[in-house]
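>>> Kindly generate the corresponding structure for this input.
(2 chains)
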Amino acid sequence: MPSAAAKKLRPKFLSLPAILFQIRLPLPGWVSILHRLSGALLFFPFAAWLLYLLDASLASEQGFSRIKDHYLQLPVVKAAALLFIWSLCHHFCAGIRYLLIDVHVGVDLPAARYTSVAVIAGGLLLTAFFGARLW
Amino acid sequence: MKRLVVGAHYGLRDWLAQRITAVVMAVYLVVIAWVLLSTSPLTYDAWRSLFAQGWMRIATLLFAVSLAWHAWVGVRDIIMDYIKLDGLRLALEVSVLLLTAVYVGWTVQILWR
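Numbering: from 1, shown residues only, chains lettered A, B, ... in the order given. Below you'll find the predicted structure:
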């Protein structure tokens, strides 16, 4: 007699909506995928953007005021800066969590869930703090 | 020379490097955040003299090199996981390597101008 598992259709191909809305990724999974996403964004384009800002702001006093008083005041630039700040803060917090897991701190499930909440909340709170300073 | 094509520990050096560079960057970021938050409002003179100091230039260069190494390991992992076409994967990996070199070169150019 075939078991219940054998009757299921395999392999199962998942559409993007299924991945987004049907599968409930556990919190540590969200921390992980956001760590990847933020890391990729930080490498490109944000690192290049930051070097551009550093270059222009250090080149001359005009360059500095152009960046600080004009460029960084544009709403679209502020939105991009906010995304950059969140990427950095989330990547930073999640990275510390992974370093702790490497030394066997917070490995068991209740602790892993708790630290996942802390990382996501910490990333958002730090973004709010630095975002408020930027605005 | 005897070379094993399979075995353990081949990823260990990358794994360790990624963590050491992470700690270097984390320390730099905390110091920078502290300096920037304590010099408000930021003027051009304060900004320029901050990056004119020797320790700051060395620390920033160390940060840039750490970033390059850290990002190489991380982005290569992402590429290996998702890009199945060999040619495309190689092209992307080479692009990432070249971009890290551009970042470090650009950083040096900015710092010692």
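>>> Can you give me the neighbour number for A:H104?
8 (other CB atoms under 10 Å in any protein chain shown). No exception for glycine: its C-beta is placed from N, CA and C like everyone else's.
>>> do the same with the one 4 residues further on
Other residues within reach of A:D108 by the criterion other CB under 10 Å amount to 8.
>>> Can you check the pLDDT for it?
On the pLDDT scale, A:D108 is placed at 92.
>>> and the longest helix anywhere in chain A, does that touch chain B?
Counting residues, the longest helix in chain A under DSSP state H turns out to be helix A:75-102. Yes: contact of helix A:75-102 with chain B (CB under 8 Å from any CB of the partner chain) involves A:88, A:92, A:95-96, A:99, A:102.
>>> just how off-centre is the following helix or strand past that helix within its chain?
Per DSSP states H and E, the first helix or strand lying C-terminal to helix A:75-102 is helix A:109-134. Relative to the centre of its chain, helix A:109-134 is centred 10 Å away, using CA atoms, centre = their mean, to the nearest Å.
>>> And stretch B:99-113, by the same measure?
With CA atoms, centre = their mean, you get 11 Å for stretch B:99-113.
>>> Identify each buried residue in that stretch, please.
Neighbour counts over stretch B:99-113 (16 or more other CB atoms under 10 Å in any protein chain shown) mark B:99-100, B:103-104, B:106-107, B:110-111 as buried.
>>> what about it, near chain A?
Yes: Stretch B:99-113 reaches chain A (CB under 8 Å from any CB) through B:99, B:103, B:106-107, B:109-110, B:113.
>>> Is A:F92 in contact with B:V30, as I believe?
No: counting by CB atoms under 8 Å, A:F92 stays clear of B:V30, with 9.2 Å between them.
>>> From the neighbour counts alone, determine which of these two ranks first.
For A:F92 versus B:V30, neighbours defined as other CB under 10 Å are more numerous around A:F92 (21 against 11).
>>> For the more buried one, give me the pLDDT.
Reported pLDDT for A:F92: 97.
>>> now the one 10 residues further on
You'll see A:D102 listed with a pLDDT of 94.
>>> rewinding a little: out of the residues of stretch B:99-113 next to chain A, who's nearest B:S38?
Distance ranking of those against B:S38, using CB to CB, places B:I110 first at 23.0 Å.
>>> Setting the sequence-adjacent residues aside, check what's closest to the closest one.
For B:I110, ignoring the flanking residues on the chain, the nearest one in space by CB to CB, 6 or more residues apart in numbering or on different chains is A:D55 at 5.0 Å.
>>> and the one you found, how many residues sit next to it?
Neighbour tally, A:D55, other CB under 10 Å: 16.
>>> What of B:H70?
Applying other CB under 10 Å, we find 23 residues neighbouring B:H70.
>>> Give me the buried positions along the helix or strand where it lies.
For B:H70, the element it lies in under DSSP H and E is helix B:54-82. By neighbour count with 16+ other CB under 10 Å, helix B:54-82 contains the buried residues B:56-57, B:59-60, B:63-76, B:78-79.
>>> ok, now stretch A:23-39?
A:27-28, A:31-32, A:34-36, A:38-39.
>>> which residues are contacting it?
The contact list for stretch A:23-39, computed with CB atoms under 8 Å, 6 or more residues apart in numbering or on different chains, reads A:14, A:86-88, A:90-91, A:94-95, A:97-98, A:112-113, A:116-117, A:119-120, B:71, B:74-75, B:78.
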